[in-house]
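Q: coordinates only, sequence not included:
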DNA sequence: CTCCATATGTTGGCGAGCTTGACACGACTG
DNA sequence: CAGTCGTGTCAAGCTCGCCAACATATGGAG
C-alpha cells in the first residue's frame, strides 16, 4: 500500500489548465453579455493567451462552444451521478431521483436560463440542439458508465441505449418543461422503468 | 459590481502549476523515503518533466529544498493566520492561540516528525536551520502582514520584529519541545505579550 | 448598392521553454 | 584505485504559444 497516487504529469496538467482557463474565461464573459457578443479575441485576452492559441486548442468557434456546453453539462452530471449511486438498491428510485435533481438544477442554472431566453439571435441555442452531438455523446457515455458500474448484471448495450435516451429526454425537458421537475421525473421513470428492470432481471 | 474577478492569466497559472507539481512530487516521495534518498531525477520524473526543467525552475537542490519547506510551512501559517484573526480584540490571546495551534499541528505533521527523527544523515535538517533564511523571512513577512492588518495602529517595524522572533521561537520549540504545546504557548506569550501591548498602545 | 467595420479562420516567422544527450565534478563503495 | 551515482552545466533540437498579416464572410451606414 501507500504507493504513489500517480500524480498527473505536468504537461497533461498544463494542457487541462489551458483548456479550463479558456472555458472559464468564456463562462465569466457570459455572465455579462450573450454568446453572440463574446468574441474569440475577448476569450483569449481574458485567459491571458493569444487568439491563435485558442484556435489551436479548440479549432473553431463552434467546437469551442461544444466543449463549453460539454463541460458545463458535466457539472450537472456530478449531481446526477451522486443521485444514482445513492439509490443503487432501487433502480426505479435512482432514475427518478437523477432526473429530478437534473431538472431542478437546470431550471435554476443561470446559463441554462440564458439559453432559454434565447430568441435565436444569441446563437447559443444550436449548441444544445443541432450542434449537441458531443454533449449528448459525452453525457450518455458517462451516465452509462455510472449505471454499468452500479448494475453490472445489465448488458452494456441496454445500458447505453437507456443512457442516451435519458440524456436526450433530459435536455428536451430542460429546454421545454411541461410541468414541475418532480412530475416530469415521475412520468419519465414510469415510461422507462420497465425497460431498466427488464434489463436488470434478464441475467445473460 | 459583477465585474470579472480578474482570472489569473494562463502563463502565470502554468508556472505555478509547474512549481506545485514538482513540489508535490517531492512531497509524495518523502512519504516513502528520506530526503537524502530522493534524487532530483526522481522528482523530475514523477512530475513528468525533465531534470533540467527542475534545475531551471529552482536552480539548485538546496534552493528546491528551501522552496519546499517554505511551501509546507505556508500550510501551518494558514492555521496560524486563522487563529490570530479570531482574536483580534485580544492580542494576548491571539498570540497564545496562534502559538498553540502551530505547535500542536507541527507535532502531528508527518514531515515535521521526519525532520525530528533526522540523525543528521537524512540531510533535511539544514533546511530548517542553517539554510532556513527563506523560510524564516517568508513566514515572518506573512505573519507581520496579518498582524499589521489586524492592528494597524502598531508601528510596522515593531510588528516585523515581533513576527520574526515569533517565527524563530516557533521553529525552535517545534524542533525541540520543552513541554506540552499549550504550556509553551503560554510561556512565550507571557514573555512577548508586554512588548506587543506596548506597541499597540503607543499610538504614534 | 457600395463602403467600412468587425469577427472568423489561416498562414509564416519568431522567441521562450522543455527535452535530449553529453560531460565535468565530487562523494561514496568495493 | 576504479566504478558508481547524484549534482550541476552546456549545446542543439523541437514543441508551443506569440505576433503580424491576410483572406473571407457578415452586417450596418451612407
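A: Ah, there it is. It should be emphasised that the depicted structure is a prediction, and the values quoted were computed from it without experimental measurement.

Q: which regions of chain A lie under the pLDDT threshold?
A: By pLDDT under 70, the weakly predicted segments of chain A are A:1-5, A:119-122, A:202-204.

Q: Let me see the domain layout of it.
A: A:8-59, A:62-201 (automatic domain parsing).

Q: Would you reformat the ones you listed as JSON lines and include mean neighbour count and distance to chain B?
A: C-beta coordinates here come from the backbone N, C-alpha and C atoms, glycine included. Shown next, in JSON lines, are these (neighbours: other Cβ atoms under 10 Å in any protein chain shown; distance: least, Cβ to the nearest Cβ, whole Å):
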{"stretch": "domain A:8-59", "mean neighbour count": "17", "distance to chain B": "2"}
{"stretch": "domain A:62-201", "mean neighbour count": "17", "distance to chain B": "12"}
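
Q: and chain A, which of its residues are near DNA strand D?
A: A:15, A:18, A:48, A:49, A:50, A:52, A:53, A:56, A:57 (Cβ under 7 Å from any atom of the strand).

Q: Return the distance of the second one relative to residue A:49.
A: Here the criterion is Cβ to Cβ, to the nearest Å. By it, residue A:18 lies 7 Å from residue A:49.

Q: Overlap of the contact sets of the two?
A: residue B:10 (Cβ atoms under 8 Å, 6 or more residues apart in numbering or on different chains).

Q: just to revisit the earlier point, what would the domains of chain A look like in CSV with distance to residue B:94?
A: Supplementary listing: those in CSV, determined by distance: least, Cβ to Cβ, whole Å:
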stretch, distance to residue B:94
domain A:8-59, 37
domain A:62-201, 40
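
Q: Indicate which one of these is closest to DNA strand C.
A: Among those, domain A:8-59 comes nearest to DNA strand C, with 3.7 Å by Cβ to the nearest atom of the strand.

Q: list the contacts for residue A:199?
A: Residues in contact with residue A:199, defined by Cβ under 8 Å, 6+ apart, are A:154, A:155, A:158, A:159, A:162.

Q: So what touches whichever strand or helix holds the fourth one?
A: Pointing back at residue A:159 there. Using DSSP states H and E, residue A:159 maps to helix A:156-175. With Cβ under 8 Å, 6+ apart as the test, helix A:156-175 has contacts from A:95, A:98-99, A:102-103, A:106-107, A:112, A:115-116, A:128-129, A:132, A:135-136, A:139-141, A:143-144, A:147-148, A:151, A:184, A:188, A:192, A:195-196, A:199.

Q: ok, 7 Å please
A: A:99, A:102-103, A:106, A:112, A:116, A:128, A:136, A:139-140, A:143-144, A:147-148, A:184, A:188, A:192, A:195-196, A:199 (Cβ atoms under 7 Å, 6 or more residues apart in numbering or on different chains).

Q: so residue A:123, which of the three states?
A: Of the three states, residue A:123 takes coil under DSSP: H, G, I helix; E, B strand; the rest coil.

Q: Skip the chain neighbours and tell me the closest residue to it.
A: residue A:36 (4.1 Å; Cβ to Cβ, 6 or more residues apart in numbering or on different chains).
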